[in-house]
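Trainee: Below: sequence and its predicted model.
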Amino acid sequence: TTGRRVVAASVSVAEPVSSAPGHGPRYPHTYTSQKMTSRTLASRVARRGFLSWTDTPSPPPLPVTRSVCGSPCLQPWSRRRSRTAAAPKLPRRPYTHSTAGTRSYLWSLYNETKKDLSFPGRSNYLNPDGIFANNEVCLSDIEIYGFDYDYTLAFYSNNLHTLIFNTAREILIEQHNYPDDLRSYDYNPNFVIRGLHYDVQKGIVMKIDAFHYMQLGTVYRGLNPVPDEQVVELYEGTHVPLEHMSDFYGKSSHGFAMKQFMDIFSLPELTLLSCVNDYFIKQNIDFEPVYVYKDVKEAIRDVHVKGLLYQAVEQDIEKYLSLEEKTGAVLARLINRGKKLFLITNSPISFVDKGMQYIVGKDWRDLFDIIIVQADKPEFFNDKRRPFRRVNQKDKLHWDKINKLEKGQIYKQGNLYEFLKLTGWIGSKVLYFGDHIYSDLADLTLKHGWRTGAIVPELRSEIKTMNTEEYSQVVVWLQGLTGLLERVQEYEDAESRMLLQEWIRERNQLRELTKTIFNPQFGSIFRTHHNPTYFSRRLSRFADIYMASLSCILNYNLHNTFYPRRTPLQHEAALWTDQLCGSSLKATHVEGMAQIE
């Protein structure tokens, strides 16, 4: 195989000690648990040895041949071909049912599982600039490309989030009479992640998976984690009922207790909420979380609606806008291939014009067939009553009736139904890109049949983390250990159960490492341990394709088809792989795969 062979280290498991000759290792009744970081784990991989399985007579084969993940094999391992790696020869079940024989057998399985794990070599690493498909999309079928502006055509530096945080904090102090001491809190770009839920009634932020379960260890009040036992007591478990979740667009409305923060612009808002709550808690000030949420929400709204954000960016555009992405090159390539382009954004024309001149050039308007500003998405996609209105470069409104949408003109508000009627741009020949899964993409894919592309800037950094040797080793051994636990849980004697509990503790520590390697508080935006996050679930439903930025399109030709990988369902797993769970993990979008010569 192309994968390199590694030996994964256990994290916090007691070493077996020698027993009488011929009886295998003896598991001690006491152990020393050492909390290890992911870096410590990686450093031990190379030097940790394995216990040798004691020599015993050749035992009979297992009565039922099974993979380590527990699935029954249709035929013996030796008769099946693996697409990735040959299956390891596992020790056979011992003749004796004695405790010593069973313990020796379990340790042999543990060690053999470790020895036979491998992780992808460099050639199989994921491409951070790849495009990933939830649904099959052929670019040859796409005639019209549409774009949002913020975090789609325009990317911003961290200075913008600091600006939003500081401005809203000052509004709280100056206009809502919040304590001056709040100025001691600065914006931390590494505290929260996108897709988190906020309990408006309790003032608690949390990460929820695709099945509405909170991930313990990612529940925070203020800037500190809520102990797991307290979370279970507060919520009578870890499940969040559907009636408590946010509405379709992630908002806390109509009595919903939760708000989901899906917008990249919402990260400063959630951070400010956490800081205000943290201050009141530390000062032992009794407060109502609902009113704190409403005040912070209003302050953030004022930053946008009153133009404070737009004015600051326009006055110092080089400080806030990033030129790292190749937006101009993407637009030019699409036009050269005869594609039609349009822009639908919630931002005002003065703000968009200033930014696009900086990113693309003074003639940026010539690139688009239709430009719509202050569209007020997602209402733009649903409200049929709002007509279009023409606006000039200086944001002056015209009163004439709009009977057609012309190139070179700028339009305000309107609605998608009128847009479709005037353009005829319907169905799957249209591909629209945006960063907000709800406001930009949900209605388009569910109601109107447009193809959708999600811009997820966090994707690039997460893939780079996944490509590290440190992460690969942890994940591969986590998968192997999970499969081993699934298989050997049939052993019910006291010694075996004690051993399995140690392996479970080791697995939990490995799971924690896979979280903290992305973000110490909340982990990856895509996973809660093994399950997809609620964010990931919505992404897979509303986005046909997703990528880190529009620049990723430059790595593909415009007749490329993006195919979703046919990943096995749980009941299909035995038909798809002949290897141990976790061995030779295959990357679906390898680095260099997307490069077009």
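Mentor: Sure thing, it's come through. Residues are numbered from 1 along each chain as shown.

Trainee: Only C-alpha atoms, please: export stretch 142-159 in PDB.
Mentor: C-alpha atoms of stretch 142-159 as PDB (Å, rounded to 0.1, in the frame of the first residue of the first chain):
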ATOM      1  CA  ILE A 142     -24.100  25.500 -15.500                       C
ATOM      2  CA  GLU A 143     -24.800  28.600 -17.600                       C
ATOM      3  CA  ILE A 144     -25.400  31.300 -14.900                       C
ATOM      4  CA  TYR A 145     -23.300  31.900 -11.800                       C
ATOM      5  CA  GLY A 146     -24.600  33.900  -8.900                       C
ATOM      6  CA  PHE A 147     -22.800  35.300  -5.800                       C
ATOM      7  CA  ASP A 148     -23.200  36.700  -2.400                       C
ATOM      8  CA  TYR A 149     -20.800  39.500  -1.500                       C
ATOM      9  CA  ASP A 150     -19.500  39.200   2.100                       C
ATOM     10  CA  TYR A 151     -17.300  36.200   2.600                       C
ATOM     11  CA  THR A 152     -18.000  35.000  -0.900                       C
ATOM     12  CA  LEU A 153     -16.600  37.600  -3.300                       C
ATOM     13  CA  ALA A 154     -15.000  39.600  -0.400                       C
ATOM     14  CA  PHE A 155     -12.900  38.100   2.400                       C
ATOM     15  CA  TYR A 156     -12.000  40.000   5.600                       C
ATOM     16  CA  SER A 157      -9.200  40.000   8.100                       C
ATOM     17  CA  ASN A 158      -9.600  39.300  11.800                       C
ATOM     18  CA  ASN A 159      -9.600  43.100  12.300                       C
END
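
Trainee: Now do it, average pLDDT.
Mentor: Taken as a whole, stretch 142-159 carries a mean pLDDT of 96.

Trainee: Equivalent analysis for stretch 501-512, please.
Mentor: 94.

Trainee: Output the below-cut-off pLDDT ranges for the stretch 301-450 of the chain.
Mentor: The stretch 301-450 of the chain contains residues with pLDDT under 70 at 393-395.

Trainee: how about the nearest residue to residue 261 once chain neighbours are set aside, secondary structure?
Mentor: Ranked by C-beta to C-beta, 6 or more residues apart in numbering and with sequence neighbours excluded, the top spatial neighbour of residue 261 is residue 270, at 4.9 Å. Every residue, glycine included, has its C-beta placed from N, CA and C. Here residue 270 is helix, with the state taken from DSSP: H, G, I helix; E, B strand; the rest coil.

Trainee: Can you report how many residues neighbour residue 270?
Mentor: Residues near residue 270, counting by other C-beta atoms under 10 Å, number 21.

Trainee: before we move on, what about the one 3 residues further on?
Mentor: Close neighbours of residue 273, defined as other C-beta under 10 Å, add up to 27.

Trainee: Check it and give its pLDDT.
Mentor: pLDDT, read off for residue 273, is 97.

Trainee: do you know how far it is from residue 222?
Mentor: Residue 273 sits 9 Å away from residue 222, going by C-beta to C-beta, to the nearest Å.

Trainee: shared neighbours, the two?
Mentor: Shared contacts of residue 273 and residue 222 (C-beta atoms under 8 Å, 6 or more residues apart in numbering): residue 203.

Trainee: For residue 432, list the residues it contacts.
Mentor: Going by C-beta under 8 Å, 6+ apart, the list of residues near residue 432 reads 145-148, 344, 440-441, 444, 450-453.

Trainee: any chance of those in CSV, plus secondary structure, distance to residue 419 and neighbour count?
Mentor: What follows is those, written out as CSV (DSSP: H, G, I helix; E, B strand; the rest coil; distance: C-beta to C-beta, whole Å; neighbours: other C-beta atoms under 10 Å):
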residue, secondary structure, distance to residue 419, neighbour count
145, strand, 15, 23
146, strand, 10, 26
147, strand, 14, 24
148, coil, 15, 24
344, strand, 8, 23
440, helix, 15, 31
441, helix, 16, 31
444, helix, 11, 22
450, coil, 11, 22
451, strand, 16, 25
452, strand, 16, 27
453, strand, 18, 26
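
Trainee: just those residues now: which is nearest residue 117?
Mentor: Closest to residue 117 out of the contacts of residue 432 is residue 453 (35.9 Å), distances taken as C-beta to C-beta.
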